[in-house]
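**Q** need coordinates for the following:
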Amino acid sequence: MSGGHSTYTPKTGIEKWVDERLPLPRLVYDSFVAYPTPRNLNYMYTFGGILSFMLIAQILTGVVLAMHYAADTALAFNSVEKIMRDVNSGWLLRYMHANGASFFFIAVYLHIARG
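**A** Residues are numbered from 1 along each chain as shown. Sure thing, here's the model as predicted:
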């Protein structure tokens, strides 16, 4: 299953028995312990994951806010007031959505600046 290129060697008899029947410890070792990583890997590479998280947060908060928003010129202000005052944690959703958009663009610029 592992192709014979693994450097994993079971130490105890139980580990050898499990590895012969189900090479799960070998798979975990090859995937997480002996995984080759580049030398220039640093925290700037986390901005891609941060962007994914922020995009999902923007979509979720946007959908919840859109359920309570009235897109009419006469009712728009009142619907935002209703979100801020009457919806449970509506103020938090609105500010998460507004500040999340700014943070998303900051993370995009930092992700691009990584090179």
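
**Q** verify the stated contact: Met54 with Phe103.
**A** Yes. Shown here, Met54 and Phe103 form a contact pair, counting by C-beta atoms under 8 Å, at 6.2 Å. The C-beta positions use only the backbone N, C-alpha and C, and glycine is treated the same way.

**Q** which one's more surrounded, the two?
**A** Comparing Met54 with Phe103 by neighbour count (other C-beta atoms under 10 Å), the higher total belongs to Met54, at 19 against 15.

**Q** buried set for the host helix or strand of that one?
**A** Here Met54, judged by DSSP states H and E, is contained in helix 47-68. By neighbour count with 16 or more other C-beta atoms under 10 Å, helix 47-68 contains the buried residues Phe47, Ile50, Leu51, Met54, Gln58, Thr61, Val64, Leu65.

**Q** then stretch 23-42?
**A** Pro23, Arg26, Tyr29, Asp30.

**Q** now the residues you listed as CSV including pLDDT, distance to Lys16 and secondary structure?
**A** Output for the buried residues of stretch 23-42, formatted as CSV (pLDDT from 0 to 100; distance: C-beta to C-beta, whole Å; DSSP: H, G, I helix; E, B strand; the rest coil):
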residue, pLDDT, distance to Lys16, secondary structure
Pro23, 83, 11, coil
Arg26, 84, 11, helix
Tyr29, 86, 14, helix
Asp30, 83, 17, helix
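
**Q** quick one: low-confidence residue ranges for the chain.
**A** 1-4 (pLDDT under 70).

**Q** okay, domains of it per the record?
**A** Listed by automatic domain parsing, the domain ranges of the chain are 1-36, 43-113.

**Q** report the angle between the helix of greatest length in the chain and helix 47-68.
**A** Longest among the helix segments of the chain by residue count, using DSSP state H, is helix 90-113. Angle of helix 90-113 versus helix 47-68, following axes from the mean of the first three to the mean of the last three C-alpha atoms, to 10 degrees, is 150 degrees.
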